[in-house]
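> Got a predicted model here, sequence first, then my questions.
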Amino acid sequence: MSGFVEKPEPREVPGLVHLHTGKVRDLYRNASGDLVMVASDRISAYDWVLPTEIPDKGRVLTQLSLWWFDQLADLVPHHVLSSEPPEGAPADWAGRTLVCKALDMVPVECVARGYLTGSGLKEYEQTRTVCGLALPHGLVDGSELPAAVFTPATKAAVGEHDENVSYEEVARQVGAETAAELRQTTLAVYARARDTARERGLILADTKFEFGFDGGELVLADEVLTPDSSRFWPAEEWEPGRAQPSFDKQFVRDWLTSPESGWDRAAERPTPPLPEKVVEATRAKYIEAYERLTGLNWD
């Protein structure tokens, strides 16, 4: 089995009720019924939450999400009400806390792909399709697709894989009208983000969004367009036919699967602690993504 090596205890904060401990975020509810999301410095890989944290990771992802929510506000409303920690919260919640409107969440990971890689590449190599969508022959790892595609997935519990599903399956689960709105909004947001990233010398290969309804209005939720939910590649190094350098936890994955770690993924045993060099390189990569996208200095 996989999941947490050691699941952290929730923090006790006056007026907050703990709802859920996720891979990298903790969820609470306040007295008004709003959700309080706290992004930790935890990092996950290969369905394990590692015992080593990446300093500042939660703050980087939170601040980057806030920046993107602002860039996308004319396309789709978001769920953030405040970024101020609740009264009585621990000091280290500063910069990593979002107070959010409670939504009726759609049980679908809304994935947009503009380039072929990851689980989409694996499916393509077997069937020449991704989530049932036929793609041209001759594509390789890193190939740009003729047009961005909506490739949804079911949401998985901690320690389990999300599973790609067809658009028809999404329509069956949530209804044809909602499925169409999810697809249209996902691709519109991806197109805006892709163009924004491109202006900054980055390729947005793929990304996933979560949506919920506030009454009858579709609202963008959770984190958005961070290195944890998206693949960003440096445009100057893009070369189809190989794995691309990425602004995410690739340093962590590479070390875990190296002889140096001594970890056997197939053995289903917990991951070892990360060495300091991997922690520092991973932190630097998250910060570089923030700075290149926003144009702001992290320090």
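It's in.
> where in the stretch 101-250 of the chain is pLDDT low?
Residues of the stretch 101-250 of the chain meeting the criterion pLDDT under 70: 156-162.
> what do you get if the cut-off is 80, keeping everything else the same?
The stretch 101-250 of the chain contains residues with pLDDT under 80 at 155-162.
> now the helices: where do they sit in it?
Applying DSSP state H, counting those that start in this stretch to the stretch 101-250 of the chain gives helices spanning 118-127, 167-174, 176-199, 250-256.
> give me phi/psi at residue 37?
phi -100, psi 130 (degrees, to the nearest 10).
> Residue 135 versus the closest residue to it other than its chain neighbours, what's the distance?
With sequence-adjacent residues excluded and distances taken as Cβ to Cβ, 6 or more residues apart in numbering, residue 37 is closest to residue 98, at 4.7 Å. In this view, the C-beta of every residue, glycine as well, is placed from N, C-alpha and C. Distance from residue 98 to residue 135, counting by Cβ to Cβ, to the nearest Å: 36 Å.
> Same check on residue 115?
For residue 115 relative to residue 135 (Cβ to Cβ), the value is 11 Å.
> Neighbour count for these two, which is higher?
residue 115 (24 against 19; other Cβ atoms under 10 Å).
> how close does the closest residue to that one other than its chain neighbours get to residue 132?
Take residue 115 and drop its neighbours on the chain: the residue closest to it by Cβ to Cβ, 6+ apart is residue 205, 4.0 Å away. According to Cβ to Cβ, residue 205 stands 20 Å off from residue 132.
> between the two, who's got more neighbours?
residue 205 (25 against 14).
> dump the residue contacts of the more buried one.
By Cβ atoms under 8 Å, 6 or more residues apart in numbering, the contact set of residue 205 is 113, 114, 115, 117, 142, 230, 231, 232, 233, 244.
> show me what contacts residue 265?
46, 256, 257.
> Would you mind confirming that the second one makes contact with residue 263?
I take that to be residue 256. Yes: Residue 256 is within contact range of residue 263, at 5.4 Å (criterion: Cβ atoms under 8 Å).
> Can you check which residues contact both of the two?
Here residue 256 and residue 263 have residue 271 as joint contacts, going by Cβ under 8 Å, 6+ apart.
> okay, these two: which has more neighbours?
More crowded of residue 256 and residue 263, by other Cβ under 10 Å: residue 256, with 22 against 17.
> quick check: longest strand of this structure.
Longest strand of the chain, by residue count under DSSP state E: strand 202-214.
> now residue 170: how far from residue 112?
When Cβ to Cβ is the yardstick, residue 170 and residue 112 sit 13 Å from each other.
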